[in-house]
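# this is the structure alone, sequence omitted:
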């Protein structure tokens, strides 16, 4: 099929899962309706289609609408942001943008065929992002690598919960909404070959300003993220390599990180209605602020840098492995599980769908194709059964 | 791929959307753990896989677990059910089982190749169901037709809300849980040819017993259901035929039904994050009890009987229409939207996933295959654009 990819605006809300609870809705921001937005090109078609009504319904719960940009700005930080150049905000933004460049360059080189298509966007009140998608390449069926920077307002309960205050859940403790800053890189890579695994990684930094009614109160900040592997077949050499790189990266910072974040990953990517995980894990952490801020910035940086050495050697080994229709169909069934996890459980995705983030950026994590067969049961002892077993009973790989 | 369909137990929770709110959880029923259940055949494999832990997590929130049966019983009603043979419960069960037989026979004849596979199951405390699935036929890619009968307990607030009592939402108004009975037929039919539309229909009847603390209080009952069409291309002749049959059926009972239930359908099958409906609608109604009970039983019966005359003539015309890879890819993208609606919004599906109903029966509604492309935009004026336009801006077809 002729893929008609437009140069429309885009964003990624998926790292917003740094908010303490996905069920807490952000205070709606001022927004522009689609009708007043300067949109260009193919998006105008969509805009006309949408003009009859549903837009208003969506916009009422939407975060501020994004505007497409022709060029990447040097920074998405507000010009008025204090100590912009040396702040953790600024250094985190530089880190994720460098990581995006490095990962995309490495993936394009490994693919040898397709190139990433880039969409740049900003928001009138500050922030913005860069979405890059490679579709129908030689190696990858669909690969998205997004960075974004968001300024918003969070409910005061969320701020107090983050500070660990006792009255955090007490709605009677009145306070104003708290301004926040969030930045993140988010990526899902779905290869074509059923022996080449899907990879997801996401690193994010979150910071609040002082509440409006308590100007002297301390800022809160935390980090979150992780890297995890979702193969359709268990190739021990590959899974061990992947987990070893995660452990090496973790061990540079704290020996407790790998075991804790490995288990956190197994717990998070759990498809409850199936009783199985979507894949073979990796590391995952969220709301982490109980270490030195510089140390955690360094840790997130190292994690992002370890994506390519953890993943590309596996792809180089498996991208040309011969396979049958049966192998492909099993991969497609596992892609179906990926869709179930992302649409039903993933905090970033479900939060993004509720708050009206840009849908195409949020759902770029979905595979190009997926499959659901009624009551499919792999034969006991088959390679498909081994993968399912490892998803149901998480293993220690190293 | 060799499809390994097992003869395991199965159920359908999808008609449980008759409950006033999907976010209200039923009081957990007594349940058997998978380990103590008499399970046979290929399911034993799965049981061994599951034995390590996740089962306990699921079972803790599950409705009573089902047991596979070798034969269809004459009725799934409890033997002690009052006035069993002549009650609305019994007549509704007979109606949906006859409808299942008729629909499956007509679909098999039209497919000319594949046969439905049947799973029968019961629950120890009463109730049960029959699931039938046809997969990879000549005409249909995946077709599921399920009936089920459920006895359960509902929270008292839901009972009071159904009765329209003023204090319905007041949690301080203490009362015991209310026993309920629910029966329904639920079906999704996904054809192979991209010009042959997907059909969904579902008719259900819901009844409460008197609350335990108020034995003289009246029983409550209500009906729900609908039939809706999801084509990948707008063929006006087909859509008009489909809606005309719905209107004729409605008009036999009340001239207000078609316009009301047509709009209800457009409102219900709305994919909010896309600003579009999943298809071209039909009729949908829920919690309806403000007409004569016999009249509504007759209406649901007529609706179920109208499924085949509304749908099969369209299939006969379109099942062999020549198509290109582009047509197929567009159908697959629309199937992706179907998955998004069912996993994110559908009351029956999301309720079933939360309460631990049998997953394979709940998710049989998902298509065999689906597709997601980044930011796909059909060309203005194309046939794909016309379908999208009709999903965004619902039309009056007759």
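Looks like it came in fine. This structure is a prediction, so every number in the text was calculated from the model and none was measured.
# show me what counts as buried in the helix ranked longest in chain A.
The longest helix of chain A (DSSP state H) is helix A:88-111. Using 16 or more other C-beta atoms under 10 Å in any protein chain shown as the burial criterion, the residues of helix A:88-111 that qualify are A:88-90, A:92-93, A:95-97, A:99-100, A:103-104, A:106-108, A:110-111. C-betas here are computed from N, CA, C, even on glycine.
# is any residue of that helix near chain B?
No: contact of helix A:88-111 with chain B (C-beta under 8 Å from any C-beta of the partner chain) is absent, the minimum separation being 14.6 Å.
# distance from that helix to the middle of the chain?
14 Å (C-alpha atoms, centre = their mean, to the nearest Å).
# could you check the angle helix A:88-111 makes with the next helix or strand after it?
Using DSSP states H and E, the helix or strand that follows helix A:88-111 in sequence is strand A:117-122. Strand A:117-122 runs at 170 degrees relative to helix A:88-111, counting by axes from the mean of the first three to the mean of the last three C-alpha atoms, to 10 degrees.
# could you say what helices and strands strand A:117-122 packs with?
strand A:67-69, strand A:127-135 (3 or more C-beta pairs under 8 Å, 6 or more residues apart in numbering or on different chains; DSSP states H and E).
# can you tell me the strand partners of it and which way each runs?
Next to strand A:117-122 in the sheet, as set by DSSP bridges, lie strand A:67-69 (antiparallel), strand A:127-135 (antiparallel).
# identify, out of the helices and strands packed on strand A:117-122, the most deeply packed stretch.
For the helices and strands packed on strand A:117-122, the largest average neighbour count (mean count of other C-beta atoms under 10 Å in any protein chain shown) is found in strand A:127-135, namely a mean of 25.
# what element comes up after that strand heading to the C-terminus?
That would be, after strand A:127-135 and using DSSP H and E, strand A:140-154.
# that following strand to strand A:127-135, inter-axis angle?
Going by the same axes, to 10 degrees, strand A:140-154 makes 170 degrees with strand A:127-135.
# gap between strand A:140-154 and the chain center?
For strand A:140-154, the distance to the chain centre is 6 Å (C-alpha atoms, centre = their mean).
# by proximity to chain B, which residue of the stretch 101-250 of chain A wins?
residue A:133 (4.6 Å; C-beta to the nearest C-beta).
# oh, I was asking about the stretch 151-300 of chain A
For the stretch 151-300 of chain A, C-beta to the nearest C-beta, closest residue to chain B: residue A:275, 3.6 Å.
# that residue is in contact with residue A:393, isn't it?
No: using C-beta atoms under 8 Å, residue A:275 is not in contact with residue A:393, being 10.2 Å away.
# one step back: separation between the residue of the stretch 101-250 of chain A closest to chain B and residue B:306?
45 Å (C-beta to C-beta, to the nearest Å).
# just residue A:78 next, same as before
From residue A:78 to residue B:306 the distance is 60 Å (C-beta to C-beta).
# so which of the two has more stuff around it?
residue B:306 (20 against 15; other C-beta atoms under 10 Å in any protein chain shown).
# quick one: the more buried one and residue B:227 touch, right?
Yes: with contact defined as C-beta under 8 Å, residue B:306 reaches residue B:227; the gap is 7.3 Å.
# spit out the residues that contact these two alike.
residue B:246 (C-beta atoms under 8 Å, 6 or more residues apart in numbering or on different chains).
# show me what the residue nearest to residue A:116 when sequence neighbours are not counted is bridged to.
Nearest non-adjacent residue to residue A:116, counting by C-beta to C-beta, 6 or more residues apart in numbering or on different chains: residue A:132, 4.1 Å away. Here residue A:132 shows beta-bridge partners residue A:118, residue A:145, assigned using DSSP bridges.
# quick check: residue A:132 vs residue A:184, distance?
For residue A:132, the distance to residue A:184 - C-beta to C-beta - is 14 Å.
# with residue A:103 instead?
Distance from residue A:103 to residue A:184, by C-beta to C-beta: 14 Å.
# residue contacts, the residue of the stretch 101-250 of chain A closest to chain B?
Per C-beta under 8 Å, 6+ apart, neighbours of residue A:133: A:5, A:116-117, A:119, A:142-145, A:364, B:374-375.
# mind running it again at 7 Å?
A:116-117, A:143-144, A:364, B:374 (C-beta atoms under 7 Å, 6 or more residues apart in numbering or on different chains).
# same question for residue A:333.
A:371, A:373, A:376.
# repeat for residue A:231
A:197, A:238, A:279-280, A:387.
# redo those residues as a markdown table? Include neighbour count and distance to residue B:332.
A markdown table is the format used below for the contacts of residue A:231 (neighbours: other C-beta atoms under 10 Å in any protein chain shown; distance: C-beta to C-beta, whole Å):
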| residue | neighbour count | distance to residue B:332 |
| --- | --- | --- |
| A:197 | 28 | 23 |
| A:238 | 23 | 30 |
| A:279 | 26 | 24 |
| A:280 | 24 | 28 |
| A:387 | 22 | 25 |
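# which ones are touching residue A:371?
A:329, A:332-333, A:335-336, B:368-369.
# hang on, I meant residue A:130
A:72, A:100, A:118, A:120, A:147.
# cool, and residue A:372?
Residue A:372 neighbours (C-beta under 7 Å, 6+ apart): A:336, B:363, B:366-368.
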